[in-house]
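1. Predicted structure and sequence below. I'll ask about it afterward.
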Amino acid sequence: MGSRGARAKAAGTEAAATFTTVVEPLGGVESKAMFGGYGIFRVGVMFAIVDSEGRLYLRADDTTSPAFESAGSSQHARMPYWELPDDIRDQPEDLLTWARTAAEVAARGKR
């Protein structure tokens, strides 16, 4: 891995650790290294992705994706994950609310 790749990986690691700490009140939250980034799980169900660059994506569905769209977010490839809006990233209470919703969407998807 070159220096750019190492910096990107470090950004992803730091973002995953920070996000996991902020959403810890949800309970049962853990991160796992996956595909160069991290999957963030609540009670064993993945509800967020942190890529190697440190971008955070939350799980969405037909009901919640319009909120991401109206906030100017983009979808992660063909997956049901949307990038966290920039204005939410530095607002721990709002971030926790968005994460809780994403965890609920992910849990519904596992049924």
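-> Nice, I can see it.

2. where does this structure have low pLDDT?
-> 1-8, 111 (pLDDT under 70).

3. Next up, the contacts around the residue most central in space within the chain.
-> Central residue of the chain (C-alpha atoms, centre = their mean): Ala48, 3.1 Å from the mean position. Ala48 makes contact with 19, 39-40, 56-59, 81, 99, 102, according to C-beta atoms under 8 Å, 6 or more residues apart in numbering. For every residue, glycine as well, the C-beta is placed using N, CA and C.

4. Filter those residues down to the buried ones.
-> Burial by neighbour count, 16 or more other C-beta atoms under 10 Å: within those this picks out 19, 39-40, 56-59, 81, 99, 102.

5. who's in contact with the closest residue to Glu14 other than its chain neighbours?
-> Spatial nearest neighbour of Glu14, chain neighbours left out: Gly54 (6.6 Å); criterion: C-beta to C-beta, 6 or more residues apart in numbering. Counting by C-beta under 8 Å, 6+ apart, Gly54 makes contact with 8, 11-12, 14-15.

6. what does Ala102 give?
-> By C-beta under 8 Å, 6+ apart, Ala102 lies in contact with 47-48, 58-60, 64.

7. change it to 7 Å
-> Neighbouring residues of Ala102 by C-beta atoms under 7 Å, 6 or more residues apart in numbering: 47-48, 58-60.

8. Please name the strands paired to whichever strand or helix holds the residue nearest to the centre of the chain in the sheet, noting orientation.
-> Assessed by DSSP states H and E, Ala48 sits inside strand 45-50. For strand 45-50, the pairing partners within the sheet under DSSP bridges are strand 37-42 (antiparallel), strand 56-59 (antiparallel).

9. Quick one: residues in contact with the last one.
-> Taking C-beta under 7 Å, 6+ apart as the criterion, the residues outside strand 56-59 that touch it are 15, 19, 47-50, 76, 80-84, 98-99, 102, 105-106.

10. Recalculate using a threshold of 8 Å.
-> Contacts of strand 56-59 (C-beta under 8 Å, 6+ apart): 15, 19, 46-51, 68, 76, 79-84, 89, 98-99, 101-103, 105-106, 109.

11. what do you get for the longest one?
-> Strand 37-42 is contacted from outside by 12-13, 16, 19-20, 23, 26-32, 46-52, 103, 106-107, using C-beta under 8 Å, 6+ apart.
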